[in-house]
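Participant: prediction below, plus the sequence it came from.
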Amino acid sequence: MREEIEYYIRHFASRFCVFIKWLVFSLLSGVLIGGAGTVFHYCMAWANEMRLSFPCLVLLLPFAGLFIVWAYHLLHDEKDSGTNLVLAAIHSGKHIPVKMAPLIFISTVMTHLFGGSAGREGAALQLGGSIGNTLGRMLRFDEKDQHIMIMCGMSAAFSALFGTPMAAAIFSMEVVSVGIMHYAALVPCVVSSLTAKGIAAYFAVMPEQFPLTGIPAFTLSTGTAIAILAILCAGISTLFCVMLHSGEKLYKKYLPNPYLRIFAGGTLIVILTMLVQSQDYNGAGMPVIARCFEENDCVSIAFLLKMIFTSVTLGAGFKGGEIVPSFVIGGTFGCLYGNVIGFSPALCTAAGMGAVFCGVTNCPITSLLICFEMFGFDGMPYYLLSIALGYMLSGYYGLYHSQKIVYSKYKTEFINRKTHE
């Protein structure tokens, strides 16, 4: 009996020491990256405000692109693969250079300032992953613990910037390998995510929220309406992934010189902006989503325009993320669908955002949590249905080349393959 008690005490002490270790370092990660994410948020807000105040800034986008390519060349990071490098580092132990943090910070702010169409959370993942990896190396962690530090950093940056700590904590564990989750990172990611959210809230960074009211009861007819929307959104998410990857390949095929490539892409965005006579599709596009919820209306082809603008921008080599554009695409398509069939455009906007986000990231749990945090819990059955169908029917396409599909979406079968490009 005494030996058993001693055994349990030793093992509990061992687990408690591991807990204290990760509590300390995830708090440190949350504070540092939460602070960096807060600064990034205000720089992005300034860039978007300046662009809207001085619309002619978009004319300088091609020249801003030349500066971005030059900056990456100056720091010998011409082959930067963005978020794919962060995911690859967790899979294989590849080193994430610390220079990625300032490079992605400055280049993303410039992309938004001069009118490129891109998100910010993808940049936040790179920023957090770079800082987290650097912290792990400085603390002389082994390779597996460094992977957890990268995930901590990703969660902290996502949480600080978007204000969704539940989704942020799970996303970094779920996005790496579809079909399995790295639960060893659960406590560190939760602590770093909540800490970063607290830091951001202290400096008055407001979370993105669109609480829904007046949600209709879930019935066979309303469920069928959302199911049809989800099926269509699965096709939209696949199309978006194909456009992003194909755009990048076409640029590199016909314009192998990165300076010419980014200048041409910037020029195309200028032309497209003049043709649509609006800057709704430049920048991240959150005001477009807000109008879908507040006015229940949007341009009928807004989702297609956002796909084109984002593919042209990111394929050319401008920096930013794909997550907020996927929200805009799903939200505007959902709003259009709701207006066409006469069923709650606001609810369809929310369900469309969840379905497309899930389709492009292959992260159903994160998608569900982000819907709860952004829209409230009342629409739960609609979000659940749209995300489940969006996940299944989007196939093996995804935003990130380095993401692995470990288990099949259709059978309890180990496949361990990368997403389609």
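Facilitator: Cool, the structure landed. Numbering: from 1, shown residues only.

Participant: after whichever strand or helix holds residue 339 comes which helix or strand?
Facilitator: Using DSSP states H and E, residue 339 falls within helix 323-341. Sequence-wise, the next helix or strand downstream of helix 323-341 (DSSP H and E) is helix 345-361.

Participant: what's that following helix packed up against?
Facilitator: Applying 3 or more C-beta pairs under 8 Å, 6 or more residues apart in numbering; DSSP states H and E, one finds that helix 345-361 contacts helix 220-254, helix 286-295, helix 323-341, helix 364-375, helix 380-393. Quick note: C-beta positions are derived from backbone N, CA and C, even for glycine.

Participant: what's the most buried one of those?
Facilitator: Ranked by mean neighbour count, those are led by helix 323-341 with a mean of 26 (mean count of other C-beta atoms under 10 Å).

Participant: how far off centre is it?
Facilitator: Computed by C-alpha atoms, centre = their mean, to the nearest Å, the chain-centroid distance of helix 323-341 equals 17 Å.

Participant: quick one: the strands in this protein?
Facilitator: For the chain, strands defined by DSSP state E occupy the ranges 177-178, 404-407, 414-418.

Participant: redo the ones you listed as TSV? Include mean pLDDT and mean neighbour count.
Facilitator: Formatted as TSV, the strands of the chain follow (pLDDT from 0 to 100; neighbours: other C-beta atoms under 10 Å):
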stretch	mean pLDDT	mean neighbour count
strand 177-178	86	22
strand 404-407	88	18
strand 414-418	85	12
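
Participant: with distance to residue 288 added, can I get those strands in CSV?
Facilitator: Below are the strands of the chain laid out as CSV (distance: least, C-beta to C-beta, whole Å):
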stretch, distance to residue 288
strand 177-178, 29
strand 404-407, 31
strand 414-418, 32
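
Participant: of these, which is nearest residue 350?
Facilitator: With C-beta to C-beta, the closest approach to residue 350 among the strands of the chain belongs to strand 177-178: 23.5 Å.

Participant: ok, residues contacting the closest one?
Facilitator: Strand 177-178 is contacted from outside by 91, 362-363, 398, 403-407, 409, using C-beta atoms under 8 Å, 6 or more residues apart in numbering.

Participant: so what strands line up beside that strand?
Facilitator: Take DSSP bridges as the rule and strand 177-178 pairs in its sheet with strand 404-407 (parallel).

Participant: residues contacting the strand it pairs with, please?
Facilitator: Here strand 404-407 has contacts from 91, 176-180, 362, 396, 413-419, using C-beta under 8 Å, 6+ apart.

Participant: can you do 7 Å?
Facilitator: Applying C-beta atoms under 7 Å, 6 or more residues apart in numbering, the contact partners of strand 404-407 are 91, 177-180, 396, 413-419.

Participant: same question for stretch 295-305.
Facilitator: By C-beta under 7 Å, 6+ apart, the list of residues contacting stretch 295-305 from outside reads 236, 276, 281, 288, 291-292, 329, 332-333, 335-336, 345-346.

Participant: and the end-to-end length of that stretch?
Facilitator: 20 Å (C-alpha to C-alpha, to the nearest Å).

Participant: what distance separates that stretch from the centre of its chain?
Facilitator: 21 Å.

Participant: for stretch 188-199, same thing?
Facilitator: 17 Å.

Participant: repeat that for stretch 216-231.
Facilitator: Centroid separation for stretch 216-231 versus its chain: 26 Å, with C-alpha atoms, centre = their mean.

Participant: let me know the average pLDDT across it.
Facilitator: Average pLDDT, stretch 216-231: 97.

Participant: stretch 183-192 too?
Facilitator: The average pLDDT within stretch 183-192 is 94.

Participant: list the buried ones in it?
Facilitator: The neighbour-count check on stretch 183-192 (16 or more other C-beta atoms under 10 Å) flags 184-192 as buried.

Participant: looking at these, spot the one nearest residue 390.
Facilitator: Looking across the buried residues of stretch 183-192 and measuring by C-beta to C-beta, the closest to residue 390 is residue 189, at 23.8 Å.

Participant: residue contacts, that closest one?
Facilitator: By C-beta under 7 Å, 6+ apart, the contact set of residue 189 is 151-152, 155, 169, 172-173.

Participant: residue 133 against residue 97, yeah?
Facilitator: No: here residue 133 does not reach residue 97: they are 8.7 Å apart, not a contact under C-beta atoms under 7 Å.

Participant: who has more neighbours, these two?
Facilitator: For residue 133 versus residue 97, neighbours defined as other C-beta atoms under 10 Å are more numerous around residue 133 (28 against 15).

Participant: nearest residue to the more buried one in space, please, no chain neighbours.
Facilitator: The shortest distance from residue 133 to any non-neighbouring residue, by C-beta to C-beta, 6 or more residues apart in numbering, is to residue 96 (4.1 Å).

Participant: which phi and psi does that neighbour have?
Facilitator: Per-residue torsions, residue 96: phi -100, psi 110 (degrees, to the nearest 10).

Participant: quick check: closest non-adjacent residue to the residue minimising distance to the centre of the chain.
Facilitator: Central residue of the chain (C-alpha atoms, centre = their mean): residue 323, 3.6 Å from the mean position. Nearest non-adjacent residue to residue 323, counting by C-beta to C-beta, 6+ apart: residue 121, 4.1 Å away.

Participant: list the contacts for the residue nearest to the centre of the chain?
Facilitator: Listed by C-beta under 7 Å, 6+ apart, the contact partners of residue 323 are 119, 121-122, 357.

Participant: chain center to stretch 355-366, what's the gap?
Facilitator: Its chain's average C-alpha position is 10 Å from that of stretch 355-366, according to C-alpha atoms, centre = their mean.

Participant: keeping just the C-alphas, turn it into CSV.
Facilitator: Extracted C-alpha coordinates of stretch 355-366, given in CSV (Å, rounded to 0.1, in the frame of the first residue of the first chain):
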residue,chain,number,x,y,z
ALA,A,355,-19.0,26.5,-43.9
VAL,A,356,-16.4,28.2,-46.2
PHE,A,357,-13.9,28.7,-43.4
CYS,A,358,-14.2,25.0,-42.6
GLY,A,359,-13.9,24.0,-46.2
VAL,A,360,-10.7,25.9,-46.8
THR,A,361,-9.0,25.1,-43.4
ASN,A,362,-10.4,21.6,-42.9
CYS,A,363,-10.9,22.5,-39.2
PRO,A,364,-14.5,21.7,-38.2
ILE,A,365,-14.1,22.1,-34.4
THR,A,366,-12.4,25.4,-34.8
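
Participant: for this structure, longest helix please?
Facilitator: helix 2-53 (DSSP state H).

Participant: for this structure, give me the ranges with low pLDDT.
Facilitator: Counting by pLDDT under 70, the chain contains low-confidence ranges at 1, 77-82, 91-94, 421.

Participant: nice, that's everything, thank you.
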